[in-house]
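A.B. asks: Structure of the sequence below:
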Amino acid sequence: MSVGLWWRLWLMMFLEFAIWGAWAPVLGAYVQKELHFNGAQTGWLFSILPLASIFSPMVFGQIADRYLPTQRLLAMLSFVGAILLWYMASVQSYSALLGVMLAFSIVYAPTLVLTNSLSFEHLKNAEKTFGYVRVGGTIGWMIAGYTLTIWLHLSGHTSQADSFRIAAIFSLILAVFSLALPNTPPKREGADPLAFRRAFRLLADRNFAVFMIISFIVATELQFYYVLTSPFLEHLGVKPANTSTVMTLAQAGELFVMAILLPWLLPRWGVRKMMVVGIIAWPLRYAIFSLAAYMGSHGGPNLLPLVEAALPLHGFCYVFFFVVGFIYVDTVAPIDIRASAQSLIGIVVLGIGTWIGSIVAGQIQQAFTVGTVTNWTDVFLVPCVLTVLCAIVFPLIFQDPTPGRAEGFALVS
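C.D. replies: Okay, the predicted model is just below:
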């Protein structure tokens, strides 16, 4: 991988995840503390991006595979997203915020899979090199969080609505920069004009189907972290202006795992072992959250430092499971439908799984809340138990693919 190619793909990932990282970590705290939304409303708001991820990537993955160069499509979507994000900062009613979030999500959701497919198209030996590119996204997420904290302290502003304006700036920069990305034309020579139809056929492979089912279940539990961690941290005593920076501890762990462990371990351990470790990290983190909540509600010591120390486990949770999963999909998908195959996992993980998970997380918080007091101990025991079950079942039924082939699917068409 040349230096010129690396820095362009790295910066693309940096900007892509800076957009998301500017607003997502603080959204829960913002809408509950400033706009006074309840847990159920918060969950539905978080569900909009996953909902868009069910349908939008299917359409735009088809466009990238058959009709329009990926880098141009990315530029168009990012420009529209910038406009919507800037407007979102001024919206305060629940119904209006849902509507604008839906419009933004329709144009942002496809970019999450398009950046993957563009990277895989130009990388050689992706299992060793993709981590060095994707780590740009982790750093982008962290820088976005630091930017919000610094801005709130220096400007004297107190509203986390500024997170949307910061995200809009990153999105506009990505729109312009996308035009400098490597040319990635559509594969018009594909065997089937409907690339997404062929991507669905991958589910006929038992191993691939198992992977998708477990990914779906784990994705539902992912949203307990994204929806509820920021209000939980503020419950433990973190100041709102510092919430986004504290939550970047998760990305610090992701940075280490992505840049150091992933390139070294994946060729040695394979997909199966990596994903098992990733699943195990989930219940460990939720168990620590639950313990801290229990001790706090029963007169014990404030375990905020322990919770903060557990946040870097996100690196193992996300990278070992989801990033390795994206690499696995690229390995088994025929070359002319890779954008659509990445869109398929986007639909299952970023779409259906996180859509249901967002709603369930919000409903669980609401169910365990009396007045304004939430029983955080029981809230986090729910995803803890479910991820333990996934950690038991997955290694029993999933097998590493044969190098160069999935069961019944050639790497090239």
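
A.B. asks: So which residues of the stretch 301-413 of the chain form strands?
C.D. replies: According to DSSP state E, counting those that start in this stretch, the stretch 301-413 of the chain carries its strands in the segments 369-370, 373-374, 405-406, 409-410.

A.B. asks: pLDDT of the second one, averaged?
C.D. replies: Read it as strand 373-374. Computed over strand 373-374, the mean pLDDT rounds to 90.

A.B. asks: Starting from it, tell me which strands it pairs with and how they run.
C.D. replies: Taking DSSP bridges as the criterion, strand 373-374 forms sheet pairs with strand 369-370 (antiparallel).

A.B. asks: so how far is the strand it pairs with from its chain's centroid?
C.D. replies: 29 Å (C-alpha atoms, centre = their mean, to the nearest Å).

A.B. asks: repeat for stretch 329-343
C.D. replies: The answer for stretch 329-343 is 19 Å, by C-alpha atoms, centre = their mean.

A.B. asks: just stretch 38-51 next, same as before
C.D. replies: Taking mean C-alpha positions (C-alpha atoms, centre = their mean), stretch 38-51 and its chain are 15 Å apart.

A.B. asks: Buried residues of that stretch, list them for me.
C.D. replies: 39-51 (16 or more other C-beta atoms under 10 Å). For every residue, glycine as well, the C-beta is placed using N, CA and C.

A.B. asks: ok, of the strands of the stretch 301-413 of the chain, where does mean pLDDT dip lowest?
C.D. replies: strand 409-410 (a mean of 31).

A.B. asks: residues near residue 360, how many?
C.D. replies: Look at residue 360: counted by other C-beta atoms under 10 Å, it has 20 neighbours.

A.B. asks: Surely it and residue 223 touch.
C.D. replies: Yes: taking C-beta atoms under 8 Å as the definition, residue 360 is a contact partner of residue 223 at 7.5 Å.

A.B. asks: Spell out which residues are contacts of both of those two.
C.D. replies: Taking C-beta atoms under 8 Å, 6 or more residues apart in numbering as the contact rule, residue 360 and residue 223 both touch residue 43.

A.B. asks: ends of stretch 234-248, how far apart?
C.D. replies: In stretch 234-248, first residue to last residue: 15 Å (C-alpha to C-alpha, to the nearest Å).

A.B. asks: can you start the count at 20 instead of 1 from here on
C.D. replies: Done: numbering now begins at 20, and the last item shifts to stretch 253-267.
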